[in-house]
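Undergrad: give me a 3D structure for the following:
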Amino acid sequence: MHYVEAYVAKVMEMHLRSHQTRDSYIAKEANLKKIRVSYGHLKYYGYNARYELDGFTVKDVLEAKEYLAQLKTVLLPLVVDPPKAIPAE
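TA: Next comes the predicted model:
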């Protein structure tokens, strides 16, 4: 979530105030669409950790680390060296 927020703040020059709004932007904004699947898996893991108190296997942790790496690969270069601001829709 924090990488998505950093991207939105830096590139789109706005802050998203809800999970629903963030999910909406992830579904429609070109660069965020690239991380939609990875973000969805991480969101699922986060929800289960906080509210369902699920235990995680080593496999789960390794998968989560891979999803995070995919997300960072797409978003970090855009946050560190962002393109011109994209107007909010």
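Undergrad: so what touches the helix or strand where residue 23 lies?
TA: Assigning secondary structure by DSSP states H and E places residue 23 in helix 19-28. Identification of contacts with helix 19-28 by CB atoms under 8 Å, 6 or more residues apart in numbering yields 1, 4, 5, 8, 12, 16, 32, 33, 35, 36, 39, 89. From N, CA and C alone the C-beta is placed, and that goes for glycine too.
Undergrad: now the residues you listed: which count as buried?
TA: The neighbour count (16 or more other CB atoms under 10 Å) marks 4, 8, 12, 16, 32, 35, 39 as buried among the contacts of helix 19-28.
Undergrad: tell me the least confident of the contacts of helix 19-28?
TA: pLDDT across those is lowest for residue 89, at 57.
Undergrad: please, which helix or strand holds residue 31?
TA: helix 30-33.
Undergrad: mind listing what's buried in whichever helix or strand comes after that helix?
TA: Once the chain leaves helix 30-33, the next helix or strand it forms, by DSSP H and E, is helix 36-47. Buried residues in helix 36-47, defined by neighbour count with 16+ other CB under 10 Å: 38, 39, 41, 42, 43, 45.
Undergrad: what angle separates whichever helix or strand comes after helix 36-47 from helix 36-47?
TA: Under the assignment DSSP H and E, the closest C-terminal helix or strand after helix 36-47 is helix 58-80. Between the axis of helix 58-80 and that of helix 36-47 there is an angle of 120 degrees, by axes from the mean of the first three to the mean of the last three CA atoms, to 10 degrees.
Undergrad: may I see the buried residues of helix 58-80?
TA: By 16+ other CB under 10 Å, the buried positions in helix 58-80 come out as 64, 67, 68, 70, 71, 74, 75, 78, 79.
Undergrad: for that helix, C-alpha coordinates in PDB please.
TA: What follows is helix 58-80, C-alpha atoms only, in PDB (Å, rounded to 0.1, in the frame of the first residue of the first chain):
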ATOM      1  CA  VAL A  58       7.400 -20.500   4.600                       C
ATOM      2  CA  LYS A  59       5.900 -20.900   1.100                       C
ATOM      3  CA  ASP A  60       3.400 -18.100   1.800                       C
ATOM      4  CA  VAL A  61       6.200 -15.800   3.000                       C
ATOM      5  CA  LEU A  62       8.300 -16.500  -0.100                       C
ATOM      6  CA  GLU A  63       5.400 -15.900  -2.400                       C
ATOM      7  CA  ALA A  64       4.600 -12.600  -0.600                       C
ATOM      8  CA  LYS A  65       8.200 -11.500  -0.900                       C
ATOM      9  CA  GLU A  66       8.100 -12.200  -4.700                       C
ATOM     10  CA  TYR A  67       4.800 -10.200  -5.000                       C
ATOM     11  CA  LEU A  68       6.500  -7.300  -3.200                       C
ATOM     12  CA  ALA A  69       9.500  -7.500  -5.400                       C
ATOM     13  CA  GLN A  70       7.300  -7.400  -8.500                       C
ATOM     14  CA  LEU A  71       5.500  -4.300  -7.100                       C
ATOM     15  CA  LYS A  72       8.700  -2.500  -6.200                       C
ATOM     16  CA  THR A  73      10.300  -3.300  -9.600                       C
ATOM     17  CA  VAL A  74       7.400  -1.400 -11.300                       C
ATOM     18  CA  LEU A  75       6.800   1.400  -8.900                       C
ATOM     19  CA  LEU A  76      10.200   2.400  -7.400                       C
ATOM     20  CA  PRO A  77      11.700   3.700 -10.600                       C
ATOM     21  CA  LEU A  78       8.600   5.800 -11.200                       C
ATOM     22  CA  VAL A  79       8.700   7.200  -7.700                       C
ATOM     23  CA  VAL A  80      12.500   7.900  -7.600                       C
END
